[in-house]
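Participant: predicted structure and sequence below. I'll ask about it afterward.
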Amino acid sequence: MQSESRSGSSVRRLLRTAADAMLIPFLAILTAVVVGGLIIALVRGNPILAYAGLLQGSFGSAKALSETAVWATPYILGGLAVALAFKGGLFNIGAEGQLAIGATISALVGYALPQWLGRDIPLIIHLPLAVIAGMIAGGLWASIAGFLKAYTGGHEVINTIMLNYIALNTISFLLNGPMKDRDPNNVIARTPLIAESARIPAIFPGLRVHWGFIFALLVAFFIWWLLNKTTLGFEIRTVGANPDAAKYAGINVKRIIILTMALSGMLAGLAGTVEVTGLNYRHQLGFSIGYGFDAIAIALLGKSHPLGVVLAAFLFGAMRNGATRMQFLTQMPIDLISMLQALILLFVAADAIVRYIYRIRAQSERVVLTRGWGA
Amino acid sequence: MDWKRFGFIFLIIVVLFGVVVIIGRATTPPVVIITSMLATTIAVATPLTLGALSGTFCERSGVVNIGIEGMMLSAAFFGWLAAIYMFHIFHFGIGFSIFMGVIFAVLTGMLMGLLLAVLSITFKVDQIIGGTVINILAVGLTGFLNRQLFFGKGSVFGGNVPNSPGVLPTIHIPIEEIFLPICKGAASCVQFVDSINKVFDQKPIAISAILLVFVSHYVLFNTRWGLRTRAVGEHPKAADTVGINVIRMRYANVLIGGMLAGLAGAYFTIESVPSFEPLLTNGRGFISLAAMIFGNWTPIGAWTAALVFGASNALNIKLQLFRDVIPAQWAFLQQSYVVGLVPYILTMIILTGIIGRTTPPAADGQPYEK
């Protein structure tokens, strides 16, 4: 194997690595679709009709495409958050909470800042402020787990999950109390609408897809650049690959761990922020349930590569978006999508199973993603 | 478990109980509050205890089980579903249906354990990712089936969620019968014995959880099986050279772990309340993991840690009962969102290792390759 690939031309080798990188996720998706189809048939549904509805709902029209992009926007940012943490050897299960914190804070800046100042703020100042505030809030929230990991060895998986629950409880408190929409007709836990000056404009009139989508793509490019072209990116990847080696190479491992978590949280915070400033114009309890977990699946499916994350986010966005149409056509519950996504994740994470089913031999060393409880 | 840890746990429990006693004494005598809180603590610690035992078996053999949450959730669903099917479709009696519910919950947990074992032992998938797969799969699967089977087109139940046959009965331990004659009718004595009796009136899964703590402790530290399990988790290569089948030991322990998590799942829908709602486990699988770590991967240690979380849940429940007598300056305690934070914050504090470091089994999380 090894000598064979060395003897091939570099172009062929590159193509082969690219093909290999795409092949396993593709087969994983295929396997998940087949298994999902079996489950649909098992509960007396029509798999063909369900999948057709899914496709129609996600790509069938300009509106459908726009909605898919709308769904993909927070997925790209959330997926990048988890992917970046993976690169640094950390498993950020807490994207969910960081996202919600980011959304809450940016909503706060969005609706309350003009009231505090007593005057309108131009969009060019207000919108960036709302976005940056949400981003920083998410980053700070995640860096708690980073700090605990670096200085006490408390495992980030459990700490970020606990921070999720703490975030959700705190936000429930805020949205039911101090930050609740005072509109007399309002009975649900949500903030007031944010000011016009804090809203991301739409790209095309009449469609919901907004500039936040383009922004997310730019962020993905930025993360690629950060990881591959900067010293910080090199340090993050080194700590992720081998913290001991990183330490002997003179890298401040504790600093990098905290920084990686903070950056990851900032990305997750951005995911929440674009939902508030670009789409809902307020934060409402429960809108983001599951985004953080979808983000994990997206990062794994995209193999933690920014481009892969963008593609995976599109796939997941399309599935979420098409689900409504599918439900309308076949009466299949939307939860089917969660199950399909879990199956995709299963087969992507366990690429050994996919390799086993399709008889593909392993090409290279597996990337180490997490390291048990070891501090 | 050293004395520092036990002291820490004792302190937290005293504080949690103390808060409720101080608030509630306006209307209820302290003895009644303390004993009823103890009873609640033991009951709500049940899934945490079983979850922590599940983690202990898996990790002592070298497999990190972060999927306890998902195992519990799916077991809670399928156990409940099985009880409903037995009762409404196959027309079995109530008792048998509930019993079969428990069996199916345990089997579901075992199947999920098998999935974890196949992923992490045979296919050598990153164990934390494997557990996450189980967690996400459980959410998707239970959410989907819950809606499809009850509300979907052509569903057997056609849109009505049928009533579950019920919950497991309380087992009465006859303390009252034995000690009441000693009181000779003195009112305070009768009240005391009465409230003590309430602590011991627990349901079957709660009682078996406590028994399983001691059984597990004995098995892990006093039997050949336990020695082998620990050997496989500490130094699989050495275990292999003396003829222990590493793969088989790990499989067996992960399956046992899955069954324990399944029993924990049964607690939610078959012992506690006879209904299922999506995401009902609400992070308790992860809190179990924290309990396991705090208990330094020993069953008794994990149990005491689980009791702390049980006590913080009991705090939340009791404060809701005493809502009206909470003094004005403590008004924040009326917010269930605020009190609900206690177990999660406790978990983080405990994990930071301020009460001393814990040491996981040496080979925990590493796939074994010959």
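Facilitator: Perfect, I can see it now.
Participant: in chain B, which residue sits nearest chain A?
Facilitator: In chain B, no residue comes nearer to chain A than B:Gly365, which is 2.2 Å away by Cβ to the nearest Cβ. C-beta here means a position set from N, CA and C on the backbone, and glycine is covered the same way.
Participant: can you tell me the SS state at that residue?
Facilitator: At B:Gly365 the chain is in coil, as set by DSSP: H, G, I helix; E, B strand; the rest coil.
Participant: where do the helices of the stretch 1-150 of chain A begin and end?
Facilitator: For the stretch 1-150 of chain A, the helices defined by DSSP state H, counting those that start in this stretch occupy A:2-7, A:10-42, A:47-59, A:62-87, A:95-117, A:123-152.
Participant: most centrally placed residue in chain A?
Facilitator: A:Gly78 (2.1 Å; Cα atoms, centre = their mean).
Participant: compare the helices of the stretch 1-150 of chain A and give me the one nearest chain B.
Facilitator: Nearest of those (Cβ to the nearest Cβ): helix A:123-152, 4.2 Å.
Participant: coming back round to it: can you redo the helices of the stretch 1-150 of chain A as TSV with mean pLDDT and distance to chain B?
Facilitator: Listed next are those as TSV, based on pLDDT from 0 to 100; distance: least, Cβ to the nearest Cβ, whole Å:
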stretch	mean pLDDT	distance to chain B
helix A:2-7	46	18
helix A:10-42	81	8
helix A:47-59	89	11
helix A:62-87	94	10
helix A:95-117	93	11
helix A:123-152	94	4
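Participant: between those, which gets nearest to A:Phe316?
Facilitator: helix A:62-87 (5.3 Å; Cβ to Cβ).
Participant: next, the angle helix A:47-59 makes with the closest one.
Facilitator: 90 degrees (axes from the mean of the first three to the mean of the last three Cα atoms, to 10 degrees).
Participant: would you mark the buried spots in helix A:62-87?
Facilitator: Judged by neighbour count (16 or more other Cβ atoms under 10 Å in any protein chain shown), helix A:62-87 contains these buried residues: A:64-87.
Participant: name the helices or strands packed onto that helix?
Facilitator: Here helix A:62-87 touches helix A:47-59, helix A:95-117, helix A:211-229, helix A:231-241, helix A:253-275, helix A:291-301, helix A:306-330, going by 3 or more Cβ pairs under 8 Å, 6 or more residues apart in numbering or on different chains; DSSP states H and E.
Participant: could I get those as TSV with mean neighbour count?
Facilitator: Listed next are the helices and strands packed on helix A:62-87 as TSV, based on neighbours: other Cβ atoms under 10 Å in any protein chain shown:
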stretch	mean neighbour count
helix A:47-59	19
helix A:95-117	26
helix A:211-229	18
helix A:231-241	19
helix A:253-275	28
helix A:291-301	28
helix A:306-330	22
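Participant: worst mean pLDDT among those?
Facilitator: Between these, the one with the least mean pLDDT is helix A:291-301; it has a mean of 85.
Participant: orientation of that helix relative to helix A:253-275 in degrees?
Facilitator: For helix A:291-301 against helix A:253-275, the angle by the same axes, to 10 degrees is 120 degrees.
Participant: could you check how far helix A:291-301 is from the centre of its chain?
Facilitator: Here helix A:291-301 is found 6 Å from its chain centre; the criterion is Cα atoms, centre = their mean, to the nearest Å.
Participant: what does the stretch 51-200 of chain B put close to chain A?
Facilitator: Contact residues, the stretch 51-200 of chain B versus chain A (Cβ under 8 Å from any Cβ of the partner chain): B:64, B:66, B:119, B:123-130, B:132-133, B:135-137, B:139-141, B:143-149, B:151-154.
Participant: drop anything exposed from the residues you listed.
Facilitator: Buried among those by 16+ other Cβ under 10 Å: B:64, B:66, B:119, B:123-130, B:132-133, B:135-137, B:139-141, B:143-149, B:152.
Participant: could the helices and strands packed on helix A:62-87 go into a markdown table alongside distance to B:Ala306?
Facilitator: Listed next are those as a markdown table, based on distance: least, Cβ to Cβ, whole Å:
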| stretch | distance to B:Ala306 |
| --- | --- |
| helix A:47-59 | 42 |
| helix A:95-117 | 24 |
| helix A:211-229 | 40 |
| helix A:231-241 | 34 |
| helix A:253-275 | 28 |
| helix A:291-301 | 25 |
| helix A:306-330 | 36 |
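Participant: now for those helices, which one comes closest to B:Asn296?
Facilitator: helix A:253-275 (24.3 Å).
Participant: redo the helices of the stretch 1-150 of chain A as TSV? Include distance to B:Pro181.
Facilitator: Below are these laid out as TSV (distance: least, Cβ to Cβ, whole Å):
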stretch	distance to B:Pro181
helix A:2-7	83
helix A:10-42	61
helix A:47-59	68
helix A:62-87	64
helix A:95-117	56
helix A:123-152	54
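Participant: please state the backbone phi and psi of B:Leu48?
Facilitator: Taking degrees, to the nearest 10, you get phi -70, psi -40 for the backbone angles of B:Leu48.
Participant: shaky segments in the stretch 51-200 of chain B?
Facilitator: B:152-156, B:158-159 (pLDDT under 70).
Participant: what about residue 120, how many neighbours?
Facilitator: With no chain named, the answer covers chain A. 11 (other Cβ atoms under 10 Å in any protein chain shown).
Participant: actually chain B
Facilitator: 28.
Participant: got the contact list for it?
Facilitator: Under the criterion of Cβ atoms under 8 Å, 6 or more residues apart in numbering or on different chains, the neighbours of B:Ser120 are B:63-64, B:126-127, B:130, B:254, B:367.
Participant: so A:Ala69 sits against A:Phe213, correct?
Facilitator: Yes: the pair A:Ala69 / A:Phe213 is scored as a contact, 4.9 Å apart, by Cβ atoms under 8 Å.
Participant: do you know how far the spatially most central residue of chain B is from B:Thr269?
Facilitator: Nearest residue to the geometric centre of chain B (Cα atoms, centre = their mean): B:Pro47, 1.5 Å. According to Cβ to Cβ, to the nearest Å, B:Pro47 and B:Thr269 sit 11 Å apart.
Participant: could you do B:Leu280 as well?
Facilitator: In terms of Cβ to Cβ, B:Leu280 sits 8 Å off from B:Thr269.
Participant: ok, which pair from the contacts of B:Ser120 is furthest apart?
Facilitator: B:Asp126 and B:Val254 (15.3 Å).
Participant: next up, identify which helix or strand B:Leu260 is on.
Facilitator: helix B:246-266 (DSSP states H and E).
Participant: ugh, wrong one, I meant A:Arg208
Facilitator: Short version, using DSSP H and E: A:Arg208 is in no helix or strand.
Participant: list the contacts for the closest residue to it other than its chain neighbours?
Facilitator: Nearest residue to A:Arg208 in three dimensions, chain neighbours excluded: A:Val70, at 5.2 Å (Cβ to Cβ, 6 or more residues apart in numbering or on different chains). Contacts for A:Val70 were tallied using Cβ under 8 Å, 6+ apart; they are A:208-210, A:213, A:279, A:317, A:321.
Participant: same check on B:Cys183?
Facilitator: Contacts of B:Cys183 (Cβ under 8 Å, 6+ apart): B:189-190, B:192-193.
Participant: give me the buried subset of those residues.
Facilitator: B:192-193.
Participant: distance to A:His126 and secondary structure added to the contacts of B:Cys183, as TSV?
Facilitator: Output for the contacts of B:Cys183, formatted as TSV (distance: Cβ to Cβ, whole Å; DSSP: H, G, I helix; E, B strand; the rest coil):
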residue	distance to A:His126	secondary structure
B:Cys189	70	helix
B:Val190	69	helix
B:Phe192	65	helix
B:Val193	67	helix
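Participant: sweet, I'm off.
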